[in-house]
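In: just to be clear, the model below is a prediction. Sequence and coordinates:
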Amino acid sequence: MNILLVYPAMPPSFWSFSYALRLIGKKAAMPPLSLLTVAGLIPRGEHDIRLVDLNVRDLSDADLAWSDAVFISAMIVQRDSFHEVARRARQAGKITVAGGPYPTSYVGSDELRDVDYLVLDEVEETLHGFLNDLDRGTAACVYRASRKPPITLSPVPRYDLIDLDDYTSMLVQFSRGCPKNCEFCDITKLYGRVPRTKAPGQVLTELGQLYNLGWQGHVFFVDDNFVGNWRAALELMPFLIEWQAERGFPFSFTTEASIDIVRHPALLEAMAAARFEEVFVGIETPSIEALRTMKKHQNIARGDPQFLERAVRALQGYGFEVMAGFILGVDDEPENPFDPMIEFIQEAGIPMATVSLQAVLPGTDLEKRLGREGRLRGDTTGTNFELVLNYVPQKDPALLIEGYERVLDTIYDARLEMYFGRCLTLMTRLRRRHWPKSRWAPSWIRALPTLLWTVPREIPSEIAVSALKFLVRVLRRHPKFLPEALVYIAKGHHLRQMTEQLLISEAFEVCVERELRAIVAELARCAALQVRDMEEHVRAYLEEHLALLRCEYAKVHADFKYRTARSVQRFFVTIKTELRCFGIVHGVELEKF
């Protein structure tokens, strides 16, 4: 059987790095580890496999014609692309199979009606049974795991199915699950609260495959919480350090961890020695009251209100850049959570802070609580880059969204002065004691000419001036950080463009609502006053206001027009209805206009 593995497109977000990728000639930030793992579970020789990552290239008709079955893995944020792939596969008469967090969270929903088979939960437990049943013609519609399987059963991902040069980073996984119980998080619902880890030999085998395929550079340990089982993580480190040292430290590592990783200094020392250079932590909010409400107890230290600030500085002192997630709209946050958040991010020296409005994910404790309180309002898009609330916040929603926009527009201001200031603060605090002789990975060496060519042409002049000043300061004060400085410029450009387009698309939606009200009001005024030359007047009024909308719409980047689709559709449906009714009453033909 010819199996086509398809990874849906990711919409633009802080984590997509789409604008930064254009500067360095890459196509996507990270490959689809989920489908590479699925491919590793399919017995070689029994089926032919192809993989299409829609973040790298389009799905062609030839791909579909080759396939017998299309396997799709998706997160909630990939929902729209998921359905487009499923629709095309069904139209082509192919078997459609889906799995991953999105189908698992929405099993039983009509949303998944275009899929023939659902292989849910963790594939190590469900895929083999499904494939055997499919070969025999006895496959069921839904396959669920009866347990959280040991991930020692997980195969080596099929990295050979992708072009590594398309990506800026490779992915490996050491553990699944998280012992914490954050109210808003769906990780424990999907993967459990008992972390399961791979054996050190498994991790080294996966790294060895990447190394043998020619990869050198950044590798992301995409664990739910790298220190969920901190003892196992510590046991991994001597093997990882030795492996890296034998090969001249070809990889730099990033991971995700809870902030209480700072309570394990021996692990932090070992991670620095293994060349971990970045850690993403969920800080969420500086407000202790809000942290308690969201059950983020690991972010609170009794008798130490400055614990988060000290923890960030401690991690930086070990040599880790701290990337952090923040949430606004949490119950019991202060009346003004915006300025304290800006101040915290700036003083902590966190260049990349992903600030989002709270989203209620399916299956979480937060969803259950807000459901009991009657505060749920619709579904989530799954992205951290939205101005839509799917619950009723304690604050006025308009003030919350306005404050959120102000936070983003401040930490990623038009000149990126605050951002570059945080980068310099970070460089001052970093204490990396395990520098390899050369930190220019081959992938970055190849990307450097593209970066130097595109930066002056792609980056707005106001950012370019700030970037030049930033580079001069780095060369004077922190010359060993020059490679990082170039990366920060590319990332900063992306973060500002994302912020700017969020504000532009929101301004356009406000404009749509304003113009809709104005047109409806003008039609009512014309009807009430029996305006002379009514048809001509209305046509002129419509043309004037539609021209304004076209002008505002032109400011929205093509990557973000999807965000405005619903408001545009609503505008035209409403206007068409209003014009039809107006024309019937007053005997004029306006609907086609």
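Out: Yes, it's here.
In: got the contact list for the nearest residue to residue 386 once chain neighbours are set aside?
Out: Nearest residue to residue 386, sequence neighbours excluded (C-beta to C-beta, 6 or more residues apart in numbering): residue 357, at 6.6 Å. (Glycine included, C-beta is placed from N, CA and C.) Applying C-beta atoms under 8 Å, 6 or more residues apart in numbering, one finds that residue 357 lies in contact with 327-329, 386-389, 400-401, 404.
In: count of residues packed around residue 98?
Out: Neighbourhood size, residue 98 [other C-beta atoms under 10 Å]: 26.
In: make sure it is indeed in a helix.
Out: No - counting by DSSP: H, G, I helix; E, B strand; the rest coil, residue 98 is not found in a helix; it is strand.
In: break down the stretch 451-593 of the chain into its helices, ranges please.
Out: Remark: helices assigned in the stretch 451-593 of the chain by DSSP state H, counting those that start in this stretch are 461-477, 482-529, 534-554, 561-586.
In: hmm, back to that, what's the per-residue pLDDT of the residue nearest to residue 386 here?
Out: Model confidence at residue 357, given as pLDDT, is 96.
In: residue 196 too?
Out: Reading off the model, residue 196 has pLDDT 97.
In: residue 545: neighbouring residues, count only.
Out: Here the number of neighbours of residue 545 (other C-beta under 10 Å) works out to 18.
In: quick check: it vs residue 532, distance?
Out: As judged by C-beta to C-beta, to the nearest Å, residue 545 and residue 532 stand 20 Å apart.
In: what's the nearest residue to residue 318 if we skip its chain neighbours?
Out: Counting by C-beta to C-beta, 6+ apart, residue 268 is the residue found nearest to residue 318 once chain neighbours are left out, at 4.6 Å.
In: how far away is the one you found from residue 351?
Out: Applying C-beta to C-beta, the value for residue 268 to residue 351 is 20 Å.
In: which of those two has more residues huddled nearby?
Out: Set side by side, residue 268 and residue 351 show more neighbours around residue 351, with 27 against 23, by other C-beta under 10 Å.
In: where's the more buried one, which helix or strand?
Out: Assignment of secondary structure by DSSP states H and E places residue 351 within no helix or strand.
In: am I right that it is in contact with residue 421?
Out: No - the criterion here is C-beta atoms under 8 Å, and residue 351 misses it with residue 421 at 9.3 Å.
In: quick one: the helices in the stretch 251-400 of the chain, in order.
Out: 265-274, 288-293, 307-317, 338-348, 365-372, 397-411.
In: how far does the helix or strand following the last one sit from its chain's centre?
Out: Next along the chain after helix 397-411, taking DSSP H and E as the criterion, comes helix 417-429. Using C-alpha atoms, centre = their mean, to the nearest Å, we find the averaged C-alpha position of helix 417-429 to lie 23 Å away from the chain's own average C-alpha position.
In: count the residues that sit near residue 410.
Out: For residue 410, the neighbour count with other C-beta under 10 Å is 16.
In: distance check, it against residue 64.
Out: According to C-beta to C-beta, residue 410 and residue 64 sit 46 Å apart.
In: can you check residue 299 too?
Out: 47 Å.
In: counting neighbours, go ahead and name the busier of these two.
Out: More crowded of residue 299 and residue 64, by other C-beta under 10 Å: residue 299, with 24 against 19.
In: so the more buried one makes contact with residue 308?
Out: Yes - counting by C-beta under 8 Å, residue 299 touches residue 308, with 6.1 Å between them.
In: what touches both of the two?
Out: Contact criterion C-beta under 8 Å, 6+ apart; residues shared by residue 299 and residue 308: 259, 283.
In: how about residue 465, what does it touch?
Out: Going by C-beta under 8 Å, 6+ apart, residue 465 touches residue 415.
In: ok, now residue 314?
Out: Contacts of residue 314 (C-beta under 8 Å, 6+ apart): residue 262.
In: give me the distance between it and residue 351.
Out: As judged by C-beta to C-beta, residue 314 and residue 351 stand 18 Å apart.
In: same check on residue 521?
Out: For residue 521, the distance to residue 351 equals 47 Å [C-beta to C-beta].
In: shouldn't residue 276 be in contact with residue 251?
Out: No - using C-beta under 8 Å, residue 276 makes no contact with residue 251, being 9.9 Å away.
In: can I get stretch 173-183 in PDB? Just the C-alpha atoms.
Out: Output of stretch 173-183 as PDB, limited to C-alpha atoms (Å, rounded to 0.1, in the frame of the first residue of the first chain):
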ATOM      1  CA  GLN A 173      11.700  13.700  22.300                       C
ATOM      2  CA  PHE A 174      12.900  12.200  25.600                       C
ATOM      3  CA  SER A 175       9.700  12.200  27.600                       C
ATOM      4  CA  ARG A 176       6.000  12.500  27.500                       C
ATOM      5  CA  GLY A 177       3.600  13.700  30.200                       C
ATOM      6  CA  CYS A 178       3.800  16.200  32.900                       C
ATOM      7  CA  PRO A 179       3.200  15.800  36.700                       C
ATOM      8  CA  LYS A 180       1.900  19.400  37.100                       C
ATOM      9  CA  ASN A 181      -1.800  20.200  37.000                       C
ATOM     10  CA  CYS A 182      -2.100  23.600  35.400                       C
ATOM     11  CA  GLU A 183      -5.800  24.400  34.900                       C
END
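In: identify the residues contacting that stretch?
Out: 33, 122, 148, 151, 154, 185, 187-188, 191-198, 203, 221-226, 228-229, 232-233, 236, 258, 282, 293-298, 364-366, 369.
In: one more time with 6 Å, if that's ok
Out: Under the contact criterion C-beta atoms under 6 Å, 6 or more residues apart in numbering, stretch 173-183 has outside partners 151, 187-188, 191-198, 203, 221-225, 228, 258, 294-296, 298, 365-366.
In: identify each buried residue in that stretch, please.
Out: Across stretch 173-183, burial judged by 16 or more other C-beta atoms under 10 Å covers 173-180, 182-183.
In: equivalent analysis for stretch 126-141, please.
Out: Residues 126-127, 130-131, 134, 139 are the ones in stretch 126-141 that count as buried (16+ other C-beta under 10 Å).
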